[in-house]
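Participant: Show me the folded form of this:
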Amino acid sequence: MASIGRPDLLAMLADELDAARAQLEALGLVLIDDPALAARHVTELQALDHVGQRCASVAAILRADDLQAATRDASLESITARLAGLRPH
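Facilitator: Here you go, the predicted structure:
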């Protein structure tokens, strides 16, 4: 098995997160197509959207040239807050 470098590995992981986000979006679109179901599950549909946003944000971090800066500048506060606890002070 060929060895893969860190930048390529991070890019591949980011691609996997993008694929997961796309699947979540497709699922959400199917579910909101049923108005009665969507009305009963608004909170859950919002949670699906939030998970998709988290996937996109982490994928962007993995693609960044400076991972530390990217974690500080992540588009979702929930990610920056969790990662702030992991950074050395």
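Participant: Please tell me how far the spatially most central residue of the chain sits from A36.
Facilitator: The chain has C55 as the residue nearest its centroid, 0.9 Å off, counting by Cα atoms, centre = their mean. C55 is 28 Å from A36, where distance means Cβ to Cβ, to the nearest Å. In short, each C-beta sits where N, CA and C put it, glycine included.
Participant: returning to that earlier point: quick check: buried residues in whichever strand or helix holds the residue nearest to the centre of the chain?
Facilitator: In the assignment (DSSP states H and E), C55 maps to helix 42-63. Across helix 42-63, burial judged by 16 or more other Cβ atoms under 10 Å covers 45, 48, 52-63.
Participant: and it, what does it pack onto?
Facilitator: Helices and strands touching helix 42-63, by 3 or more Cβ pairs under 8 Å, 6 or more residues apart in numbering; DSSP states H and E, are helix 6-32, helix 67-72, helix 77-84.
Participant: Pull that helix out as CSV, backbone CA atoms only.
Facilitator: C-alpha atoms of helix 42-63 as CSV (Å, rounded to 0.1, in the frame of the first residue of the first chain):
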residue,chain,number,x,y,z
VAL,A,42,-38.6,21.1,12.4
THR,A,43,-36.0,20.7,15.2
GLU,A,44,-34.6,17.5,13.8
LEU,A,45,-34.4,19.0,10.3
GLN,A,46,-32.6,22.0,11.7
ALA,A,47,-30.2,19.5,13.5
LEU,A,48,-29.5,17.9,10.1
ASP,A,49,-28.7,21.2,8.6
HIS,A,50,-26.4,22.1,11.6
VAL,A,51,-24.5,18.8,11.1
GLY,A,52,-24.1,19.6,7.5
GLN,A,53,-22.7,23.0,8.4
ARG,A,54,-20.3,21.4,10.8
CYS,A,55,-19.1,19.0,8.1
ALA,A,56,-18.5,21.9,5.8
SER,A,57,-16.6,23.9,8.4
VAL,A,58,-14.4,21.0,9.4
ALA,A,59,-13.7,20.3,5.7
ALA,A,60,-12.6,23.9,5.3
ILE,A,61,-10.3,23.6,8.3
LEU,A,62,-8.7,20.4,6.9
ARG,A,63,-8.1,22.2,3.6
